[in-house]
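Asker: my questions concern the predicted model and sequence given below.
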Amino acid sequence: MVAKSGGKMIVSTDQFRDEVLGDPSSPPPSPSSLPVLVLFSAPWCGPCRLTNPVVKEVMKLYSSKLEVREISTDDLPDVAARAGVTSIPTILIYHDGKVRETIVGCVAKNVLARAVDKVLEDLGMLGDDE
């Protein structure tokens, strides 16, 4: 299911574990696995609605270097709580099951793009094609 942010909607704890954290019983992800940007939001949240087009634009910019997922904190409060989300919108960027960057609140496209650049640079994945 496609979320309002343009990313794939996560609808279960198992899906979050499999698609974002990785299954601990499986081999570790390959070094070429992409970071996953996860937007924690809710349908009633005004700042979340403002964040959706920003995430969508950044997703297009980094389409070959980043996966995007969205979680409704109303539907999966346990996932949000375990991720440490106390305010929405919150964006967590994961790689290899670990949080690499956290952004809380509604931010401009350039702020989110800089955060993605930082993660990609730290992982040695920021190429000359950006």
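Answerer: Cool, got the structure. Owing to the predicted nature of the structure, the values given are computational and were not obtained by experimental measurement. Numbering: from 1, shown residues only.

Asker: name the helices or strands packed onto the longest helix along the chain?
Answerer: For the chain, the helix that runs over the most residues, judged by DSSP state H, is helix 46-61. Packing partners of helix 46-61 (3 or more CB pairs under 8 Å, 6 or more residues apart in numbering; DSSP states H and E): strand 36-41, strand 67-72, helix 109-122. Placement of C-beta: from N, CA and C, glycine included.

Asker: and it with strand 67-72, angle?
Answerer: Interaxial angle of helix 46-61 relative to strand 67-72 (axes from the mean of the first three to the mean of the last three CA atoms, to 10 degrees): 160 degrees.

Asker: quick one: contacts of helix 46-61?
Answerer: 4-7, 37, 39, 41-42, 66, 68, 70, 88-89, 91, 105-109, 112-113, 116, 130 (CB atoms under 8 Å, 6 or more residues apart in numbering).

Asker: and those, which are buried?
Answerer: Listed as buried from the contacts of helix 46-61 are 4-7, 37, 39, 41-42, 66, 68, 70, 88-89, 91, 106-107, 112-113, 116; burial here means 16 or more other CB atoms under 10 Å.

Asker: could you point out which residue ranges in this structure have low pLDDT?
Answerer: 2, 23-32, 128-130 (pLDDT under 70).

Asker: just checking, Asp117 touches Leu126?
Answerer: Yes. At 6.0 Å, Asp117 counts as touching Leu126 under the criterion of CB atoms under 8 Å.

Asker: buried residues of the longest helix of the chain, list them for me.
Answerer: By 16+ other CB under 10 Å, the buried positions in helix 46-61 come out as 48-49, 51-52, 54-56, 58-59, 61.

Asker: now those as TSV including distance to Glu101?
Answerer: Below are these laid out as TSV (distance: CB to CB, whole Å):
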residue	distance to Glu101
Cys48	18
Arg49	22
Thr51	15
Asn52	19
Val54	15
Val55	14
Lys56	18
Val58	12
Met59	15
Leu61	16
